[in-house]
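K.L.:
This is a predicted model, with the sequence first.
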Amino acid sequence: MTLINNTDTNDIDSTKKVLLAAPRGYCAGVDRAVIAVEKALDHYGAPVYVRKQIVHNKHVVRSLERRGAIFVEEVDEAPEGCIMVFSAHGVSPAVVAAAEERNQQTIDATCPLVTKVHREVQRFEKEGYDILLVGHEGHEEVEGTAGEAPDVVQLIDGDKDIATATVKDPKKVVWLSQTTLSVDETMETVLKLREKFPTLQNPPSDDICYATQNRQVAIKKVGADSDLVIVVGSANSSNTVRLVEVAMDAGAKAAYRVDDASEIQDSWFEGVKTVGVSSGASVPEDLVSDVLDYLDTKGFGNVSTVTTAEEDIQFSLPKELRKDLKEAGHDTSNKKR
């Protein structure tokens, strides 16, 4: 569980400073998925195939490719009988069936918090509900979640979808969401949906995951006191893009996303005294360290951490991988060696 704390920053005299958001970077679901691919490579040997990017970070993907992982868009691009890992974003039953048809040995690295939303879809479909899924069109997580019950799930990605949404029974409609959305924007969407469907029911628990919420709370605090915010993460990472938006909404004068320190532009620093730094949930800490090193060269060597939550959640490895590791007498813990 997470514990909200007061910021641990102290007043500092330097005219140039960095406010480093905490928590940031890898969440439990991402950590589990990346370690699952690494352990699969160690145990089965290369190649190990992965449907889609295991997580939305190009540096992580390239690192795993160098170790022998092969990333494919669909399971039919991989050989029959191969080791196939499903990404942290989850897959639909149709994808699972397609892999089974090819006799692929699957390892499901779907984040357990995404799996929770899948189960909510299954439950509400059985109970005869229409499901309004708040999320971004084309995102793998949304495709997997909607694929659990395509006949009753409607994607809500903006006002246009709210306007066209229809339900069979206004008393049996529920909203669910992608796990990596902006909390504030999602609730704005829900308020608009409720104007149209007054009896709209809430999810049984928060769908937006703890890590997304914690990183947004931290960047709000950092952004409010920053002239410039730099968020490390890839462009296809939904939670990373949301952090940039949240920082601006919180009062940052400017905010940018970068894949790594090489993308930082000198022009951003004109008149800047305070730089906020955070990273998306798919970002390894070494990329953040590179950004801090770069900032040091610009005179921003005084770094204070702004802590708004402590995270100690850890998910066990996928059961398929855990079983094979155990039978071979290998370590089944979710830890890097």
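P.N.:
Done, it's in. Quick caveat, the model's predicted, so the values are computed rather than measured.

K.L.:
Look up phi and psi at residue 218.
P.N.:
Main-chain torsions, residue 218, degrees, to the nearest 10: phi -70, psi -40.

K.L.:
Pull the contacting residues for it.
P.N.:
Shown in contact with residue 218 (C-beta atoms under 8 Å, 6 or more residues apart in numbering): 21, 22, 23, 24, 278, 306, 307, 308, 309. For glycine as for every other residue, the C-beta is placed from the backbone atoms N, C-alpha and C.

K.L.:
What about the third one, how many residues nearby?
P.N.:
Spelled out, it's residue 23. By other C-beta atoms under 10 Å, 21 other residues sit near residue 23.

K.L.:
how close does it get to residue 147?
P.N.:
31 Å (C-beta to C-beta, to the nearest Å).

K.L.:
Also the fourth one?
P.N.:
In this structure, residue 24 lies at 31 Å from residue 147, with C-beta to C-beta as the measure.

K.L.:
the more surrounded of the two?
P.N.:
More neighbours surround residue 24 than the other of residue 24 and residue 147, with 27 against 18 (other C-beta under 10 Å).

K.L.:
My read is that that one contacts residue 288, right?
P.N.:
Yes: with contact defined as C-beta atoms under 8 Å, residue 24 reaches residue 288; the gap is 6.8 Å.

K.L.:
Now do the shared contacts for these two.
P.N.:
With C-beta under 8 Å, 6+ apart as the test, residue 24 and residue 288 both reach 277, 279.

K.L.:
Identify the single longest helix in this structure, thanks.
P.N.:
Using DSSP state H to define each element, the chain has its longest helix at helix 28-44.

K.L.:
List the contacts of that one.
P.N.:
26, 48, 50, 54-55, 60, 64, 67-69, 83, 85, 87-88, 107, 109, 111-114, 209, 211, 281-282, 311, 313-318, 321, 324-325, 328, 330, 334-336.

K.L.:
For stretch 61-69, what is the distance to the chain centroid?
P.N.:
20 Å (C-alpha atoms, centre = their mean, to the nearest Å).

K.L.:
Which helix or strand lies directly C-terminal to the least confident helix or strand in the chain by mean pLDDT?
P.N.:
Least confident helix or strand of the chain, by mean pLDDT, DSSP states H and E, is strand 3-4 with a mean of 32. Counting by DSSP states H and E, the next helix or strand C-terminal to strand 3-4 is strand 17-22.
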